[in-house]
Each structure stands twice: as structure tokens, then as C-alpha cells.
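Asks: I'd like to go over a predicted model; first the sequence, then the structure.
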Amino acid sequence: MGTLIAGLISPRVGSLLFAAWLALLAVRGAWTAIKVTSTVHHS
């Protein structure tokens, strides 16, 4: 089972998942920053 999963998760897929994870973190960070700055400007 482990070798099957390792075979499915090729380096290319791993890099794509890593890029998608970084993009998700970047979007979350930007969204949080926008919410914080908008809250500061409103107060």
C-alpha cells in the first residue's frame, strides 16, 4: 500500500501539491491582511 501511494505521488504531483499549498497560504495571508487593514481603516 505504501509503495502504491509513493508510486501515485510522483515528484511532479508532489511539486504541484506543494505549489497549490503555497498558493493557498498566500491567498489566506492576503485575505487576512485585507481584513485587518479594512478593519483598521473603518475604526
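Replies: Alright, I've got the coordinates.
Asks: all contacts plus neighbour counts: C-alpha atoms, from now on.
Replies: Fine.
Asks: what about stretch 18-29, average pLDDT?
Replies: Across stretch 18-29, the average pLDDT comes to 96.
Asks: Now do it: distance to the chain's middle.
Replies: 2 Å (CA atoms, centre = their mean, to the nearest Å).
Asks: how about it as CSV, C-alpha atoms only?
Replies: Extracted in CSV, the C-alpha atoms of stretch 18-29 (Å, rounded to 0.1, in the frame of the first residue of the first chain):
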residue,chain,number,x,y,z
PHE,A,18,3.4,22.0,-2.8
ALA,A,19,2.7,24.9,-5.2
ALA,A,20,-1.0,24.6,-4.5
TRP,A,21,-0.4,24.6,-0.8
LEU,A,22,1.9,27.7,-1.1
ALA,A,23,-0.8,29.4,-3.2
LEU,A,24,-3.5,28.6,-0.6
LEU,A,25,-1.3,30.0,2.2
ALA,A,26,-0.6,33.2,0.1
VAL,A,27,-4.3,33.7,-0.5
ARG,A,28,-5.2,33.2,3.1
GLY,A,29,-2.4,35.6,4.2
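Asks: for this protein, what's the longest helix?
Replies: The residue-count maximum for a helix in the chain (DSSP state H) belongs to helix 11-42.
Asks: and Trp31, how far is that from Leu22?
Replies: 14 Å (CA to CA, to the nearest Å).
Asks: What separation do you get for Leu4 and Pro11?
Replies: Taking CA to CA, one finds Leu4 at 14 Å from Pro11.
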